[in-house]
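> Predicted model follows, preceded by the sequence.
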Amino acid sequence: MFYPVRRLARFMVSFLLFAGVTLYLRLSYLAGCAGDLKGGALGDPIRALELEGYSLAPYLVAVFCVFLFAHLCGRHKTTARIAISTAFCVTLGTCLWIAGIYLEGYGVESCFFHQ
């Protein structure tokens with residue numbers, strides 16, 4: 001792949017990565033503001049489940065973009081790039097998932113208990 005094309009591909013993948021992360025975390029927070037999914041006593045749990053369902057697509061886009069970005073930036077052989085990309089994908093995907101759970105709890109706390 002030519003250098004300008006690779007640079008453009010890195011820019012597009014990083015843009016999609018940040019957009020996916022932002023949208024996923026925002027929808028996780030809004031799901032927490034919509035209702036408490038653990039107890040079901042606060043807000044509208046049906047709306048919260050709907051928002052969590054919407055947040056799955058940006059999460060998957062972000063995780064896939066992590067894989068692509070790590071694969072595009074490597075200067076190693078193909079097998080090493082795939083291994084590094086998979087390690088980044090698993091590690092950062094897990095961290096993003098935990099951040100989404102945290103923001104959902106923060107949304108419940110900020111929207112229902114601090115008014």
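Sure thing, it's come through. Numbers count the residues shown, from 1 in each chain.
> what about stretch 96-106, average pLDDT?
On average, the pLDDT along stretch 96-106 is 93.
> That stretch: how far from the chain's middle?
Remark: stretch 96-106 is offset 10 Å from the chain centroid, using C-alpha atoms, centre = their mean, to the nearest Å.
> Could you confirm Thr79 falls within a strand?
No. Applying DSSP: H, G, I helix; E, B strand; the rest coil, one finds Thr79 to be helix, outside a strand.
> Number of residues surrounding it?
Using other C-beta atoms under 10 Å, Thr79 has 8 other residues around it. For every residue, glycine as well, the C-beta is placed using N, CA and C.
> Report the separation between it and Phe67.
Using C-beta to C-beta, to the nearest Å, Thr79 is found at 15 Å from Phe67.
> And for Asp44?
For Asp44, the distance to Phe67 - C-beta to C-beta - is 35 Å.
> What helix or strand is Thr91 located in?
Under DSSP states H and E, the secondary-structure element containing Thr91 is helix 78-108.
> Asp44 and Phe67: which is more packed in?
Neighbour comparison, Asp44 and Phe67: the larger count goes to Phe67, with 22 against 13 (by other C-beta under 10 Å).
> which ones are touching that one?
If you count contacts by C-beta atoms under 8 Å, 6 or more residues apart in numbering, Phe67 has them with Ser85, Thr86, Phe88, Cys89.
> what does Tyr59 give?
Counting by C-beta under 8 Å, 6+ apart, Tyr59 has contacts Gly20, Tyr24, Leu96, Trp97, Gly100.
> Okay then, goodbye and thanks.
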